[in-house]
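**Student:** after the sequence you'll find the predicted model.
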Amino acid sequence: MNDARKILIHPTYFPNVAHFTAISQHDTVLEKHDNYQKQTYRTRCHIYSPNGLQRLSVPIKHTGKPGHQKTKEVVIEDNFDWKKQHWKSLQTAYRTSPFFEFYEDDFAPFFEKKHRYLIDLNMESMALLSENMQLDMEVIFSENYEPEPDKYEDLRLLVNAKDRLMTPFEPYTQVFDEKYGFLSNLSSLDLLFNEGPNAASYLENQPLSFQ
């Protein structure tokens with residue numbers, strides 16, 4: 001961990017490589033008091049499927065009430081078994097990767113467990129990745145919402161799926177890269193299932209830059 005300023009970052013669903021690059025290199029504070037926004041990595045991640053890039057999306061319940069809703073209050077939709085669909089997609093995408101079989105039993109229970117709140121789902125997905133990557137991620141939450149925090153380096157922009165990330169991540173071997181080439185900044189699940197114990201050292205040596 002870097003002893004310089006802590007970073008401020010959003011909990012997301014099976015965070016991408018940029019998220020975990022930042023977390024692996026810095027002491028981290030997790031944003032807990034933001035307003036929920038659509039079309040972000042709060043409710044999605046990307047994996048490498050046999051057909052190329054695939055999005056896995058978490059359905060949420062819409063309140064229908066005017067005004068902003070806090071992310072920590074967002075409730076997950078449970079009227080269909082979307083987790084079963086996500087797990088099947090991961091099995092299809094990574095069953096032939098070098099390390100999926102090694103980690104499979106650690107991740108399978110997550111997709112059978114019920115979660116009520118989005119923030120709890122995201123926190124558990126991050127904890128699973130951290131544990132299996134052997135990253136020491138201390139969980140510290142923000143105390144209030146600060147539009148322009150002066151105590152932390154603000155990396156909350158990483159939650160925005162549409163922001164352009166300029167980091168030239170070093171390619172690693174992916175299951176379908178001979179067909180579609182290297183796909184950068186996917187969910188860190190992709191990195192773990194393909195690189196296994198080398199995932200942590202990969203993250204620790206990647207730069208981050210933005211436009």
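**Tutor:** Here it is on my side, so go on. Every value quoted in this text rests on a predicted model; they were computed, and no experiment measured them.

**Student:** neighbours around residue 155, how many?
**Tutor:** Residues near residue 155, counting by other CB atoms under 10 Å, number 21. C-beta here means a position set from N, CA and C on the backbone, and glycine is covered the same way.

**Student:** ditto for residue 23
**Tutor:** Neighbour tally, residue 23, other CB under 10 Å: 25.

**Student:** how close does it get to residue 114?
**Tutor:** 26 Å (CB to CB, to the nearest Å).

**Student:** over to residue 16?
**Tutor:** Taken as CB to CB, the span from residue 16 to residue 114 is 25 Å.

**Student:** I'd like the mean pLDDT over stretch 63-76, please.
**Tutor:** Here stretch 63-76 scores 82 as its mean pLDDT.

**Student:** nope, stretch 111-124 is what I was after
**Tutor:** 96.

**Student:** which residues are contacting the longest helix seen in the chain?
**Tutor:** Longest helix in the chain by number of residues (criterion: DSSP state H): helix 118-133. Residues from elsewhere that reach helix 118-133 (CB atoms under 8 Å, 6 or more residues apart in numbering): 11-15, 20, 23-24, 30, 32, 36, 42-43, 58, 60, 71-72, 74-76, 103, 106-107, 110, 113, 115, 135-137, 139, 188-189, 192, 199-200, 203.

**Student:** and residue 179, which of the three is it?
**Tutor:** helix (DSSP: H, G, I helix; E, B strand; the rest coil).

**Student:** okay, now it: neighbour count?
**Tutor:** With other CB under 10 Å as criterion, residue 179 counts 11.

**Student:** swap in the one 4 residues further on?
**Tutor:** Residue 183 has 17 neighbours, counted by other CB under 10 Å.

**Student:** ok, residue 48 next?
**Tutor:** Counted with other CB under 10 Å, residue 48 comes out at 25.

**Student:** repeat for residue 128
**Tutor:** 18.

**Student:** kindly report the same for residue 96.
**Tutor:** So residue 96, with other CB under 10 Å, has 12 neighbours.
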